[in-house]
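Predicted structure and sequence below. I'll ask about it afterward.
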There are 2 protein chains.
Amino acid sequence: VTRTHPIRTAVIIAVGSELLTPTKIDTNSLFVTERLNVLGISVRAKVVVGDSRDDLQTLLMEALGRVDLVVLTGGLGPTDDDVTRDAVAAALGRTLHEDEALVERMQQRFARRGLEMPAINTRQALVPSGADIIPNANGTAPGLWLEHDHRVIVLLPGPPRELKPMVEGELSERLAARVSGERLSTGVVRVTARTESHAEEAARPLYAHWRDQGWPIEATTLASPGSIDFHVTVRAADEETGARLLDEARGQLRDVFGEDAYSDDGRSLEQVVGSLLGAGGYTVAAAESCTGGLLMSRLTDVAGSSAYVASGIVAYSNEAKTALLGVPPALIAAHGAVSEPVAAAMASGVRAAAGTEVGIGLTGIAGPSGGTPEKPVGTVAIAVDGPWGVEVRTRVFTGDRAMIKFFSTQAALDDLRRALLRHGAR
Amino acid sequence: VTRTHPIRTAVIIAVGSELLTPTKIDTNSLFVTERLNVLGISVRAKVVVGDSRDDLQTLLMEALGRVDLVVLTGGLGPTDDDVTRDAVAAALGRTLHEDEALVERMQQRFARRGLEMPAINTRQALVPSGADIIPNANGTAPGLWLEHDHRVIVLLPGPPRELKPMVEGELSERLAARVSGERLSTGVVRVTARTESHAEEAARPLYAHWRDQGWPIEATTLASPGSIDFHVTVRAADEETGARLLDEARGQLRDVFGEDAYSDDGRSLEQVVGSLLGAGGYTVAAAESCTGGLLMSRLTDVAGSSAYVASGIVAYSNEAKTALLGVPPALIAAHGAVSEPVAAAMASGVRAAAGTEVGIGLTGIAGPSGGTPEKPVGTVAIAVDGPWGVEVRTRVFTGDRAMIKFFSTQAALDDLRRALLRHGAR
């Protein structure tokens, strides 16, 4: 028995000029990455290259210098612009020969559909010397498995319905026999109401601790509008150990961020809010000015939200705030439409109009015009009115109109979440 | 004047370990590719690499050996795992220095939000020697432009809302000065209410004609939810010739698609509808069930929409349809909440409640549950009620909850657009 080098790292190369246009994207790599991660293989880079022998050869050699496994997808069709087989054979110094069993299998495939095989298809039966064939149940192009200087090179067809069963089946089996036995586990903790740099500073002491563990945990942060996501990854002896270590890491992040950590199981903020509303048996309605319906739309993005959302009112003009929500004109005259008293009156107004237990009032200036020195564009007042009383807060967001709208709904959902956490138990 | 090497080819490198997970994909490269293609620069490869200085340095050097321009996106944040600045400086043998003007601009950004800048953020003011700064209007990380051995290296922040305006603005200008003499001109004609294949068949006779021109026009179609976009591109001797040829092509597409072509100047459907409402001096309100506020949110996405939008009502439950919109319970009992009579009653109800001239009623089943054999998930009834009378129509959309919501709002906006085109002149 020869001792082989365990496979720990991979590069995925997608081949096809159409994947370099502004409208096409390589999604096979997401699926391949998931299956490799399950086996404990981490993906170090992903590359998309056109139908160019030279470019592909260069990139393949470069990848073979850095990782244990290179997975190439696409470029195995029968036409001249399908260059993967040629480029791989040339890069590894192998000759191509026609595999008779493959030719026969292809002819049978065509015959079953009552067709004669075009001569051009015999190109798909060309195999670099030393390669193993990975059968393709759903197409003519077989997969290929090559070993070269303790590295493995795998060629797969591009169509997802051909590639997926090959990866799930024979490729996963072959790779499982060649990995070190360790497993990768990943999780995410989502934090709101912090800037990326503040969140990072708060989490940094954990990083040092995690690095020094027997099975180190790696963390990366990803900032999206209104949310900082901590992605944690651990490579451990087995899945149970990985899951336990991830649980600990998630708990430590929750300890650091307290109530600011709103999700540790992949749920979105609107899903978390929906669960809290459902658990407490509350119903909610929103009265929106500058967000124009986006808050209600996000609340109702959650399947099953009709259990806790009945209605909402978009009151864009001052007249609508009075007519539909009963906001006194004198209150608007005294404080301005964008003010905490008006937000509070909108929240209690929509509670009454919709007959819900909780009401949200949101009024602000989304821009680009309408700002003043005292109330610049981005000023937003948000009120949450519930059986426990009313809470109202003003924030100033920066960004364009769409961003200010989104940030405002994120803040309103977060205010509602915190109110339910503090007062909503019953 | 030094003669500089014209930029013809590019590699795009996206930096970020999260882009190597099974759930995240780099989409910035699609946008960047489109803008580069417009300038006549072709993309030879796209790479995704994790937060690893070594990997990034290797891939950058490899790319610089093959193309004229390398665009790097992401990895410019303030934290330790943001490695792009360091890796690029190391690869090119440049030192990093802190730019005082940048530090000051960042401090002002934080101060406007009432925050103190964390010390960690000064990392974002580190600039490799010889680099030009591309200002970032929407974030703290500036873009960077470097020249090295007749090659150009550009660093851009990862968040699309920061990157896009930088690419459209200063980067496009800088690159335009460095490409070869001919100019690419592009335009887009947007079509609704057609499938991609039908739209393509209708446009095909134009393609042959365009190919045979002295300066051939290339067309690609891009299907997005509820819209087929025809992107037309011409490479001509100068901008005037390009603009004239594009104008002709746009006119020919409008002739083919008639009223189905809703935009030929880059405007979105909600912008086109807003212009029609504004031109006729109409006001509008929407009563929404399954779209939960998304239609009103899209109407108010347009800057200046307060001129024609006053209010809207989300009536999710049957009770809300009756209480807030005056829909008779007997009508709901007789036809069901998702029916043309109820949509029409919602439209006239919201007209009355909001005091507008035009009302939209939208009721449907967004799923995943709630469908029946007669009214499957995706069934949506839309009514437009105006001074000219009421028009109502039922459609069945396929897709997940989010898609059905979006298709429904697209159809409602399109129904409103056609009603205004036919009846709205005054």
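Thanks, I have it.

near chain B, which residues of the stretch 51-200 of chain A show up?
Applying CB under 8 Å from any CB of the partner chain, we find that the stretch 51-200 of chain A lies next to chain B at A:52, A:55, A:58, A:59, A:62, A:66, A:186, A:195, A:196, A:197, A:198, A:200. Using the backbone N, CA and C atoms, a C-beta is placed for each residue, glycine as well.

SS state for the second one?
Right, the one you point to is residue A:55. helix (DSSP: H, G, I helix; E, B strand; the rest coil).

Of the residues of the stretch 51-200 of chain A next to chain B, which qualify as buried by neighbour count?
Buried by 16 or more other CB atoms under 10 Å in any protein chain shown: A:52, A:55, A:58, A:59, A:62, A:66, A:195, A:196, A:197, A:198, A:200, out of those.

can you tell me which of those lies nearest to residue B:98?
Using CB to CB, residue A:197 comes nearest to residue B:98 of these, at 16.1 Å.

And what about the residue lying farthest from the centre of chain A, helix, strand or coil?
What lies farthest from the middle of chain A is residue A:330; by CA atoms, centre = their mean that is 47.5 Å. With three-state DSSP as the basis, the three-state label of residue A:330 is helix.

Report the separation between it and chain B.
20 Å (CB to the nearest CB, to the nearest Å).

Including pLDDT, could the residues of the stretch 51-200 of chain A next to chain B go into JSON lines?
Converted to JSON lines, these look like this (pLDDT from 0 to 100):
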{"residue": "A:52", "pLDDT": "91"}
{"residue": "A:55", "pLDDT": "93"}
{"residue": "A:58", "pLDDT": "93"}
{"residue": "A:59", "pLDDT": "94"}
{"residue": "A:62", "pLDDT": "92"}
{"residue": "A:66", "pLDDT": "92"}
{"residue": "A:186", "pLDDT": "81"}
{"residue": "A:195", "pLDDT": "86"}
{"residue": "A:196", "pLDDT": "84"}
{"residue": "A:197", "pLDDT": "85"}
{"residue": "A:198", "pLDDT": "89"}
{"residue": "A:200", "pLDDT": "88"}
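
Return the subset of those residues lying in helices.
Among these, DSSP state H puts A:55, A:58, A:59, A:62, A:196, A:197, A:198, A:200 in helices.

Which single one of those is nearest to residue B:76?
Nearest to residue B:76 among these, counting by CB to CB, is residue A:196 at 11.7 Å.

Any residue of the longest helix seen in chain A touching chain B?
When chain A is parsed with DSSP H, its longest helix is helix A:401-423. Yes - Helix A:401-423 lies within reach of chain B by CB under 8 Å from any CB, at A:401, A:402, A:403, A:405.

Spatially, which two of the buried ones among the residues of the stretch 51-200 of chain A next to chain B are the most separated?
A:52 and A:198 (45.9 Å).

of the buried ones among the residues of the stretch 51-200 of chain A next to chain B, closest to residue B:257?
residue A:52 (37.0 Å).

which residues touch stretch A:130-149?
A:64, A:76-78, A:85, A:88, A:92, A:94, A:99, A:102, A:106, A:109, A:121, A:124, A:127-128, A:152-157, A:159, A:161-162, A:165-166, A:170-171, A:174 (CB atoms under 8 Å, 6 or more residues apart in numbering or on different chains).

If we ignore the residues flanking it in sequence, what's nearest the spatially most central residue of chain A?
Note on chain A: the residue nearest the mean C-alpha position is residue A:266, at 9.5 Å, using CA atoms, centre = their mean. Spatial nearest neighbour of residue A:266, excluding adjacent residues (CB to CB, 6 or more residues apart in numbering or on different chains): residue A:188 at 6.2 Å.

if I pick that neighbour, what's in contact with it?
So residue A:188 contacts A:229, A:230, A:231, A:232, A:263, A:264, A:266 (CB under 8 Å, 6+ apart).

Narrow those to those that are buried.
A:229, A:230, A:231, A:232, A:263, A:264.

if you look at the residues you listed, which of them are in helices?
Among these, no member falls in helices (DSSP H).

Among the residues you listed, which ones lie close to chain B?
Within these, those near chain B by CB under 8 Å from any CB are residue A:231.

Of the buried ones among the contacts of residue A:188, which is the nearest to chain B?
Lowest distance from chain B to the buried ones among the contacts of residue A:188 (CB to the nearest CB) belongs to residue A:231, with 5.9 Å.

Lowest-confidence member of the buried ones among the contacts of residue A:188, which is it?
Minimum pLDDT for those is recorded at residue A:231 (85).

That one: what's it in contact with?
Taking CB under 8 Å, 6+ apart as the test, what residue A:231 contacts is A:186, A:187, A:188, A:219, A:220, A:221, A:222, B:17, B:18, B:21.

just those residues now: which is nearest residue B:113?
Of the contacts of residue A:231, the one sitting nearest to residue B:113 (CB to CB) turns out to be residue A:221, at 19.4 Å.
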